[in-house]
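*Asks:* when you get a sec, could you give me coordinates for this:
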Amino acid sequence: MKLILVTGIEQTDKNKLLGMAVSTLNNGTGYKEFYNINFNGMDSIKNGFIRLSDIKNSYLSIYDELEKVLNSSKRNAFNIILDASFTLNRGYGYIPLITDRFFSLFKPDVVLLIENKLEDFKDNPREFHMIKDQQEINRAYCVKFASDHGIPMKAIRVNRTEIKATVKEIQDYLTLVAKN
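*Replies:* Below you'll find the model as predicted:
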């Protein structure tokens, strides 16, 4: 079994892209080669946190919750894709959702970072800067944790005019990871 961490900001539509990629890869088999767990938004963080100090106290319960989901999912598939966000934009700043502790506990085999092509957002300067900032922060976290834990990392840029090409690139990467 491989644990594949797929991350990126909401504006990449990675949930939709992953859904298309995984459904095609699993098509026609009674056994799911890939099982997609959507851990985005982490409702306990999105809905429950007002103070930053509360976040640190909740990581353990969030990771315990994830561990239960992962353990039950291992029976359903050979490879698990964990769709999660590195950061959450809270207006007053970005909250890190995936920490060093996550990598120590779950030891993902690879990290796939899905990013937007910034030129797709040049018409809207506010959105452009917000996306640029969050993608840079996510990339920095991703590179740091992947480096610290010796985990291979790949970045794929979403091609908004060629969604099928982006889905194919994701499928090719998932297939490559599953075979190695």
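*Asks:* switch to C-alpha atoms for all contacts and neighbour counts from now on
*Replies:* Noted.
*Asks:* which residues does Asn36 contact?
*Replies:* Counting by C-alpha atoms under 8 Å, 6 or more residues apart in numbering, Asn36 touches Gly19, Val22, Ile80, Ile81, Leu82, Asp83.
*Asks:* now which of the residues you listed would you call buried?
*Replies:* Among those, those classed as buried by neighbour count (16 or more other C-alpha atoms under 10 Å) are Val22, Ile80, Ile81, Leu82, Asp83.
*Asks:* ranges for the helices of this structure?
*Replies:* Secondary structure of the chain by DSSP state H: the helices cover 14-26, 43-48, 52-73, 100-106, 125-149, 163-179.
*Asks:* quick one, which of the ones you listed is nearest to Gly91?
*Replies:* helix 125-149 (10.3 Å; C-alpha to C-alpha).
*Asks:* follow-up on the earlier one: with pLDDT and distance to Ile62 as added columns, please give the contacts of Asn36 in CSV.
*Replies:* Compiled in CSV, the contacts of Asn36 are given as follows (pLDDT from 0 to 100; distance: C-alpha to C-alpha, whole Å):
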residue, pLDDT, distance to Ile62
Gly19, 88, 23
Val22, 89, 25
Ile80, 86, 18
Ile81, 90, 17
Leu82, 89, 14
Asp83, 89, 15
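*Asks:* which pair in these has the greatest spatial separation?
*Replies:* Spanning the widest gap among those are Gly19 and Ile80, at 13.1 Å by C-alpha to C-alpha.
*Asks:* re earlier: I'd like the contacts of Asn36 written out as JSON lines, with distance to His129 added.
*Replies:* As requested, those are exported to JSON lines (distance: C-alpha to C-alpha, whole Å):
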{"residue": "Gly19", "distance to His129": "27"}
{"residue": "Val22", "distance to His129": "31"}
{"residue": "Ile80", "distance to His129": "33"}
{"residue": "Ile81", "distance to His129": "29"}
{"residue": "Leu82", "distance to His129": "27"}
{"residue": "Asp83", "distance to His129": "24"}
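*Asks:* and these, which is closest to Ser72?
*Replies:* Lowest distance from Ser72 to the contacts of Asn36 (C-alpha to C-alpha) belongs to Ile80, with 11.0 Å.
*Asks:* that'll do, ta.
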